[in-house]
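A.B. asks: What follows is a predicted protein model with its sequence.
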Amino acid sequence: MASVRIREAKEGDCGDMLRLIRELAEFENLSDQVKISEEALRADGFGENPFYHCLVAEILPASGELLGPCVVGYGIYYFIYSTWKGRTIYLEDIYVMPEYRGQGIGSKIIKKVAEVALDKGCSQFRLAVLDWNQRAMDLYKALGACDLTEAEGWHFFRFEGEAMRKLAGK
């Protein structure tokens, strides 16, 4: 098996990040919802006050191979605040290309996010998963996550577009 490295994304990774974001959206049957551009990823993640942070998983070439590292997965996270628990890290996306799944790459990304969370003094690590993605739910539970829908009955909501403008009176 090839060697895998999990590292912080660099500005030059935005093309690979967008490619993987589109693959994730296709996997989730939500391709029509991807509106982000490579330029927006660059501006929002690599400026003075980034809105997000990203880890990339790359396969390193074997000794003597001419090809460079290949980005095969990513995790986008950011910090939020819980009025009950304080500092919290939220993993917005985690994705590994299908041909690289089952090799522990997703677990490595999740473990790295947990490491970042602890280094930043976070008391919790949150993420969401679609209700049909049993494989992901099984992984998260195996790694020690609590399903808040089962345990506490939480449902997540969002406002966007017209609903958000209406709320803001714009």
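C.D. replies: That came through, no problem. Numbers count the residues shown, from 1 in each chain.
A.B. asks: So which elements touch the helix or strand hosting residue 125?
C.D. replies: Under the criterion of DSSP states H and E, residue 125 resides in strand 124-127. Applying 3 or more C-beta pairs under 8 Å, 6 or more residues apart in numbering; DSSP states H and E, we find strand 124-127 packed against strand 86-96, helix 105-119. C-beta: built from backbone N, CA, C; applies to glycine.
A.B. asks: partners of it, with directions?
C.D. replies: strand 86-96 (parallel) (DSSP bridges).
A.B. asks: which of the residues in the partner strand are buried?
C.D. replies: 88-91, 93-96 (16 or more other C-beta atoms under 10 Å).
A.B. asks: now, among the residues you listed, which is nearest to residue 24?
C.D. replies: residue 95 (4.1 Å; C-beta to C-beta).
A.B. asks: I'd like the distance between that closest one and residue 150.
C.D. replies: According to C-beta to C-beta, to the nearest Å, residue 95 stands 24 Å off from residue 150.
A.B. asks: give me every residue that touches residue 37.
C.D. replies: residue 18 (C-beta atoms under 8 Å, 6 or more residues apart in numbering).
A.B. asks: May I ask you to name the longest strand in the protein?
C.D. replies: Assignment by DSSP state E gives strand 70-82 as the longest strand of the chain.
A.B. asks: Extract the C-alpha trace of that one and format it as PDB.
C.D. replies: Once non-C-alpha atoms are left out, strand 70-82 reads as follows in PDB (Å, rounded to 0.1, in the frame of the first residue of the first chain):
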ATOM      1  CA  CYS A  70      -1.800  12.900  -5.400                       C
ATOM      2  CA  VAL A  71      -4.500  14.500  -3.300                       C
ATOM      3  CA  VAL A  72      -7.200  11.800  -2.700                       C
ATOM      4  CA  GLY A  73      -9.200  13.200   0.200                       C
ATOM      5  CA  TYR A  74      -9.900  16.200   2.400                       C
ATOM      6  CA  GLY A  75     -11.500  17.500   5.500                       C
ATOM      7  CA  ILE A  76     -12.700  21.100   5.900                       C
ATOM      8  CA  TYR A  77     -13.300  22.400   9.400                       C
ATOM      9  CA  TYR A  78     -13.800  25.600  11.300                       C
ATOM     10  CA  PHE A  79     -14.300  26.700  14.900                       C
ATOM     11  CA  ILE A  80     -17.700  27.400  16.500                       C
ATOM     12  CA  TYR A  81     -18.700  28.100  20.000                       C
ATOM     13  CA  SER A  82     -21.100  26.200  22.300                       C
END
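A.B. asks: So for it, what gets flagged as buried?
C.D. replies: Buried-residue list, strand 70-82, by 16+ other C-beta under 10 Å: 71-77.
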